[in-house]
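K.L.:
Sequence first, then the predicted structure, then my questions.
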Protein chains: 2
Amino acid sequence: MIKIAYLGIPGSYSYLAVRNFLGKTKFTMKNKSTFEDVFLSVKSNEADYAAVPLENSLTGSIIECYDFLLKTNIKIVGEIILKINHHLVANIKFKRKNFHDKKFSLTCLTQQEVLKQCRCFFMKNKHISPILINDTANAAKTVSESIKVDEVAISSKEAAKIYNLQILSKNIADFDINFTRFVILAKHQLKSGNKVSLMFSVKHIPGSLVQAIGSYAKFGLNLMKIESRPISGKPWEYIFYLDFDITNKSRRLESVIKDMKKNTEFIKILGIYQKGEIYET
Amino acid sequence: MIKIAYLGIPGSYSYLAVRNFLGKTKFTMKNKSTFEDVFLSVKSNEADYAAVPLENSLTGSIIECYDFLLKTNIKIVGEIILKINHHLVANIKFKRKNFHDKKFSLTCLTQQEVLKQCRCFFMKNKHISPILINDTANAAKTVSESIKVDEVAISSKEAAKIYNLQILSKNIADFDINFTRFVILAKHQLKSGNKVSLMFSVKHIPGSLVQAIGSYAKFGLNLMKIESRPISGKPWEYIFYLDFDITNKSRRLESVIKDMKKNTEFIKILGIYQKGEIYET
């Protein structure tokens, strides 16, 4: 059976990404608490695949993940996008009237980013005080095991289902637009797909970035993402993350990489894969 | 006297950015708890200037801040870079032997990102359990007011000084490279400077991004940063953040913007300013 490592505990968004990505395929899952452990599990063959978040529409690229893609030879072989929805949840024994009674003080376990995204909800519900916790699935798990009558949490619908929680209030985020892009990792590189991700740095010559990007115009390829980040320890030097459409014409991939190399210091393909679909959480 | 708004409480990194940026200039400071309140205080003339973080070398661009630069007419008029150092601190009454005695259990107030950056420290010091808190300066303030004998925190040296704390262990982060770039905001746009920040989106024509960036090569301008981000509510459409060197030749600024407009859907100058210097914290 396929073994898949993921970040977090059952119910985490990486866990949900795997379940949605694989559908009815049978697999066993291995939960890991750090990016390092996830990458290590693939490298050491403990897992055949792994799922990690790479980018969020509200908070941007997850640099820690890009750093491991750079340091290791683990490749991106798939992609899936989750629409993140935040719900107020509680233990099945929690009395709903305690939530509606604004004189009853409640504490709410929530991850810091999630808290920021639900500011209006807490402004309107002053009887609910947030307590920070490291992870959304952990918030759900904690209230499922708690005997406190005044403790609630913010989690996804799926995590609430896994931990047998009741949903007190649906979609409590201030804004509706919140997507996280997950990638599926493996030791091998796929030969075909319709999307390519790579990292590169340019030569120390004025205009080299523009020239390097110009290769895509030359071969009629569409850039989907480009992002620069300072290189650790080398102030004013940048590394670039780039995604582009390829539509199965692998010869163009070879040509564009060859053309880019005239202007780049280094270049590394992170993976060739099929563009991901969007799933609700 | 100049009035400056900043994110967080006294001792926050935005606070330190202001103090270092202004040096001996006299000013009054107004602390604000959200990006929205910071921008609002400048817009409403409650403050003449404001200081906010825009980018961190480990976690990337702070999209919330870019969103307010896009939505408002507040401009970047200055820049300062802080080298972020994490130290273990405690109330002045805390007994140092309690830290060195590994049989004595301690709790440590820390912000989630900071905790991630100090993982090795907590692996080596199993007697210290982290408790999450929203902000590093708040961690320092809380232990300064606490009478608990087993509570410590992670903060900057400056925050420790402000709250009269003792430093138990210096530089406890796993990696040494951690910079945050802060910008100084005002209602007006400066006429000169050596760096320009802008946002743009490209026309829906293949190659338009490459053409837009090509304008910089044409006018011999050096790109410092380029980053794409999905536009909220418009899947597969991107907005770009771009920084470039200008060296006081404002005519080239007009020319490059005019040239870019052939290929952009919209373009907005976020500010013209002097490149920032680096300060230790």
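P.N.:
Cool, got the structure.
K.L.:
Got phi/psi on A:Pro206?
P.N.:
Torsion angles at A:Pro206 (phi, psi; degrees, to the nearest 10) stand at phi -60, psi 140.
K.L.:
burial of it, as a residue count?
P.N.:
Other residues lying near A:Pro206 total 15 when counted by other CB atoms under 10 Å in any protein chain shown. Any C-beta I mention is one placed from the backbone N, CA and C, and that applies to glycine too.
K.L.:
residues in contact with it?
P.N.:
B:Gly220, B:Asn222 (CB atoms under 8 Å, 6 or more residues apart in numbering or on different chains).
K.L.:
mind checking pLDDT for it?
P.N.:
Here the pLDDT value assigned to A:Pro206 is 70.
K.L.:
for the one 10 residues further on, same thing?
P.N.:
According to the per-residue confidence, A:Tyr216 scores 86 in pLDDT.
K.L.:
Could you say which helix or strand holds it?
P.N.:
Assessed by DSSP states H and E, A:Tyr216 sits inside helix A:208-218.
K.L.:
What sits closest to A:Lys262 if chain neighbours are left out?
P.N.:
A:Gln211 (7.3 Å; CB to CB, 6 or more residues apart in numbering or on different chains).
K.L.:
Quick check: the one you found touching A:Lys261?
P.N.:
No: in this structure A:Gln211 lies outside contact range of A:Lys261 using CB atoms under 8 Å: 11.2 Å.
K.L.:
So these two - more neighbours on which side?
P.N.:
Between A:Gln211 and A:Lys261, counting by other CB under 10 Å, A:Gln211 is the more crowded of the two (19 against 14).
K.L.:
List the residues that contact that one.
P.N.:
A:Lys262, A:Asn263, B:Ala217.
K.L.:
By neighbour count, which of these wins?
P.N.:
Busiest of the contacts of A:Gln211 [other CB under 10 Å] is A:Asn263, holding 20 neighbours.
K.L.:
Next one: it, what pLDDT does it get?
P.N.:
Looking at A:Asn263, its pLDDT is 90.
K.L.:
How about A:Gly233?
P.N.:
61.
K.L.:
and if you look at A:Pro130?
P.N.:
pLDDT, A:Pro130: 95.
K.L.:
For the one helix or strand in chain A whose mean pLDDT sits lowest, which outside residues touch it?
P.N.:
Every helix and strand in chain A was compared by mean pLDDT, DSSP states H and E; the lowest is strand A:234-245, with a mean of 80. Residues outside strand A:234-245 that contact it (CB under 8 Å, 6+ apart): A:61, A:66, A:70, A:194-202, A:209, A:216, A:221-231, B:224-226, B:278.
K.L.:
what's whatever helix or strand comes next after that strand packed up against?
P.N.:
Next helix or strand after strand A:234-245 toward the C-terminus (DSSP H and E): helix A:250-260. Packing partners of helix A:250-260 (3 or more CB pairs under 8 Å, 6 or more residues apart in numbering or on different chains; DSSP states H and E): strand A:195-202, helix A:208-218, strand A:264-273.
K.L.:
Enumerate the positions of helix A:250-260 that are buried.
P.N.:
Residues A:Arg252, A:Leu253, A:Val256, A:Ile257, A:Asp259, A:Met260 are the ones in helix A:250-260 that count as buried (16 or more other CB atoms under 10 Å in any protein chain shown).
K.L.:
Quick check: of those, which lies closest to A:Ala5?
P.N.:
The closest of the buried residues of helix A:250-260 to A:Ala5 turns out to be A:Leu253 (CB to CB; 28.2 Å).
K.L.:
Skipping adjacent residues, who's closest to the closest one in space?
P.N.:
A:Ile246 (5.8 Å).
K.L.:
residues contacting the one you found?
P.N.:
A:Gly193, A:Asn194, A:Lys195, A:Val196, A:Leu221, A:Arg252, A:Leu253, A:Ile272.
K.L.:
Rebuild the buried residues of helix A:250-260 as CSV, extending it with pLDDT.
P.N.:
As requested, the buried residues of helix A:250-260 are arranged in CSV below (pLDDT from 0 to 100):
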residue, pLDDT
A:Arg252, 85
A:Leu253, 89
A:Val256, 93
A:Ile257, 94
A:Asp259, 94
A:Met260, 94
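K.L.:
May I see the residues you listed organised as TSV, with distance to B:Leu54 added?
P.N.:
Listed next are those as TSV, based on distance: CB to CB, whole Å:
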residue	distance to B:Leu54
A:Arg252	37
A:Leu253	35
A:Val256	32
A:Ile257	33
A:Asp259	33
A:Met260	29
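K.L.:
Closest one of those to B:Met1?
P.N.:
A:Met260 (53.4 Å).
K.L.:
my read: that closest one touches A:Ser208, true?
P.N.:
No: counting by CB under 8 Å, A:Met260 stays clear of A:Ser208, with 10.3 Å between them.
K.L.:
List the buried residues for stretch A:162-181?
P.N.:
Buried residues in stretch A:162-181, counted by 16+ other CB under 10 Å: A:Ile162, A:Tyr163, A:Leu165, A:Leu168, A:Ser169, A:Ile172, A:Ala173, A:Asn178, A:Phe179, A:Thr180, A:Arg181.
K.L.:
Can I get it as PDB, trimmed to CA atoms?
P.N.:
Extracted in PDB, the C-alpha atoms of stretch A:162-181 (Å, rounded to 0.1, in the frame of the first residue of the first chain):
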ATOM      1  CA  ILE A 162     -12.800  13.600  12.400                       C
ATOM      2  CA  TYR A 163     -12.900  14.600  16.000                       C
ATOM      3  CA  ASN A 164     -16.700  14.200  16.300                       C
ATOM      4  CA  LEU A 165     -17.300  17.900  17.100                       C
ATOM      5  CA  GLN A 166     -20.400  20.000  16.600                       C
ATOM      6  CA  ILE A 167     -20.300  23.200  14.500                       C
ATOM      7  CA  LEU A 168     -21.600  26.200  16.400                       C
ATOM      8  CA  SER A 169     -21.100  28.800  13.600                       C
ATOM      9  CA  LYS A 170     -20.100  28.400  10.000                       C
ATOM     10  CA  ASN A 171     -17.700  30.400   7.900                       C
ATOM     11  CA  ILE A 172     -16.700  32.900  10.600                       C
ATOM     12  CA  ALA A 173     -13.700  34.400   8.700                       C
ATOM     13  CA  ASP A 174     -13.800  38.100   7.700                       C
ATOM     14  CA  PHE A 175     -13.100  37.400   4.100                       C
ATOM     15  CA  ASP A 176     -14.200  34.500   2.000                       C
ATOM     16  CA  ILE A 177     -11.100  34.300  -0.200                       C
ATOM     17  CA  ASN A 178      -8.500  32.000   1.400                       C
ATOM     18  CA  PHE A 179      -6.800  29.300  -0.600                       C
ATOM     19  CA  THR A 180      -3.800  27.100   0.200                       C
ATOM     20  CA  ARG A 181      -1.800  25.400  -2.500                       C
END
